[in-house]
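Student: 3D, please:
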Amino acid sequence: MINSDILNSIKKITDFSNSEIELILSKFETKTVKRKTTLLAAGEIANEIYFVVKGCLRLYYEKGGDDISVFFFTEGMFAGAYDSFISQQPSRLYIETLENSELLSINFTNFTKLFDEIPKMNEFVRKILEERFISLHKLFTSQILDSPQERYLNLLKNNPGLVNRVPQHHIATFLGITPVSLSRIRSRIAGK
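Tutor: Sure thing, here's the model as predicted:
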């Protein structure tokens, strides 16, 4: 049985009929994945996108032996390396599970079939991509305009539970700072 979270998420985004929703959900496969599982490695083509029922996924790059966290996906979010998935070109990103996770996945073939079968899929995907674009634009702008402490405070405000679920060194790279700097920021905030 498909989790009601995805059903509610789909209904919030686009007004599909019940038969359209049934068809969409029939294309998804349920996956239970252990923490620290690599779902996508750089150089591979992203052949799936995911809906996170339970758990936390990390999207990241590797550079010079270090990894740089770009985004965290948690419950109720669609997750994936969208550029690779849509273009069917090798990804420069990695996706890993940070927690034991329950995912619903859809592969590229089933995803593209939905566009032929349900015309509203264009609107649905456009809205998801618009939402993700806005989120990434805010992150990009924050990296330019905000101090590291402001970026951390924004993270606490907008996603307070994330700092308890994600290792601090991943939070630091996401904020564009070192773990030592993050520790100092957290100490300053706790001292106020």
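
Student: wait, doesn't residue 14 sit right on residue 125?
Tutor: No - using Cβ atoms under 8 Å, residue 14 is not in contact with residue 125; the gap is 9.1 Å. Just so you know, the C-beta spots here come from the backbone N, C-alpha and C atoms, and that holds for glycine as well.

Student: residue ranges of the strands in this protein, please?
Tutor: Using DSSP state E, the strands found in the chain span residues 29-33, 38-40, 48-54, 57-63, 66-73, 78-79, 94-97, 101-107.

Student: Just give the nearest non-adjacent residue to residue 175, would you?
Tutor: residue 151 (4.8 Å; Cβ to Cβ, 6 or more residues apart in numbering).

Student: For the one you found, which residues are in contact?
Tutor: 142-143, 175-177 (Cβ atoms under 8 Å, 6 or more residues apart in numbering).

Student: For these, could you give me a markdown table that also reports distance to residue 49?
Tutor: A markdown table is the format used below for these (distance: Cβ to Cβ, whole Å):
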| residue | distance to residue 49 |
| --- | --- |
| 142 | 25 |
| 143 | 25 |
| 175 | 26 |
| 176 | 26 |
| 177 | 30 |
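
Student: got a markdown table for those, with pLDDT too?
Tutor: Formatted as a markdown table, the contacts of residue 151 follow (pLDDT from 0 to 100):
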| residue | pLDDT |
| --- | --- |
| 142 | 89 |
| 143 | 87 |
| 175 | 94 |
| 176 | 91 |
| 177 | 93 |
